[in-house]
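> Here's a sequence, model it:
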Amino acid sequence: MRADATRNLERVLSAGARLIADDPSVSIAAIAAAAGVDRRTVYRRFASREELLAAVYQARYDAVEEVIEAARLREAPVAVALHRYVEGIIAVNREWPVEKSRMLAEEAIRDRRRQLIDEVDLFLRRATDEGLLRSDLPPGWVSALLPPLMLHAAERLADLTAAQAADVVVDTLLRGVGAP
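Numbering: from 1, shown residues only. As a prediction, this is how the structure comes out:
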């Protein structure tokens, strides 16, 4: 793909993610306008609105996979990997703020999501085995808490960088919210 076509695609997907998060029924014309391209440019790449949505969701999970790889969940020290992962996911949530329930309607996306969740669950077990996380919690508890913490940090701590917001999330996860 030519460099300008790649930039246009990235702008369309990014604009699509933002606009779809605000209004799931947003038109392709509105997405094209927000991306600064003609709607024909979008229709040349995507035959339908559903194809565009699928590409936005795919781009989000591409970004999540990059975060998981960069965090080195299997080999980095657990505290370092946890912070890298949380920081990266907060950044992904900010860049790709798509509504998840629609995304999960597609089987291929669900399967990919499940694989990523399994990878993070393996890491959380490792973090528990190495003593970073409590071992007396119900199975899956930390795995259930972490995603909403990262999502809320992306949205509600918008004045902080992703790294600063990750500090808050990791501290909350590891120390809780009770008074010392």
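> Now do Leu9: how many residues are near it, please.
Leu9 has 19 neighbouring residues, counting by other Cβ atoms under 10 Å. All C-beta atoms are positioned from the backbone trio N, CA, C, and that covers glycine.
> likewise Arg94?
16.
> ok, now Leu53?
By other Cβ under 10 Å, 21 other residues sit near Leu53.
> The helix or strand harbouring it: which residues count as buried?
According to DSSP states H and E, Leu53 maps onto helix 49-71. Neighbour counts using 16 or more other Cβ atoms under 10 Å place 49, 52-61, 63-64, 67-68, 71 of helix 49-71 among the buried residues.
> Could you name the helices and strands sitting against whichever helix or strand comes after it?
Tracing the chain C-terminally past helix 49-71 and defining elements by DSSP H and E, one meets helix 78-95 next. Based on contacts counted as 3 or more Cβ pairs under 8 Å, 6 or more residues apart in numbering; DSSP states H and E, the elements that helix 78-95 packs against are helix 49-71, helix 107-129, helix 141-156, helix 162-175.
> Columns mean pLDDT on top of those helices, output as CSV?
Shown next, in CSV, are the helices and strands packed on helix 78-95 (pLDDT from 0 to 100):
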stretch, mean pLDDT
helix 49-71, 90
helix 107-129, 91
helix 141-156, 94
helix 162-175, 95
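> now those helices as CSV including distance to Val42?
CSV is the format used below for the helices and strands packed on helix 78-95 (distance: least, Cβ to Cβ, whole Å):
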stretch, distance to Val42
helix 49-71, 7
helix 107-129, 20
helix 141-156, 26
helix 162-175, 29
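> I'd like to know which of these lies nearest to Ala91.
Shortest separation from Ala91 across those is recorded for helix 162-175, at 4.2 Å, computed as Cβ to Cβ.
> Domain-wise, how is this structure divided?
Following automatic domain parsing, one finds the domains of the chain at 1-47, 50-175.
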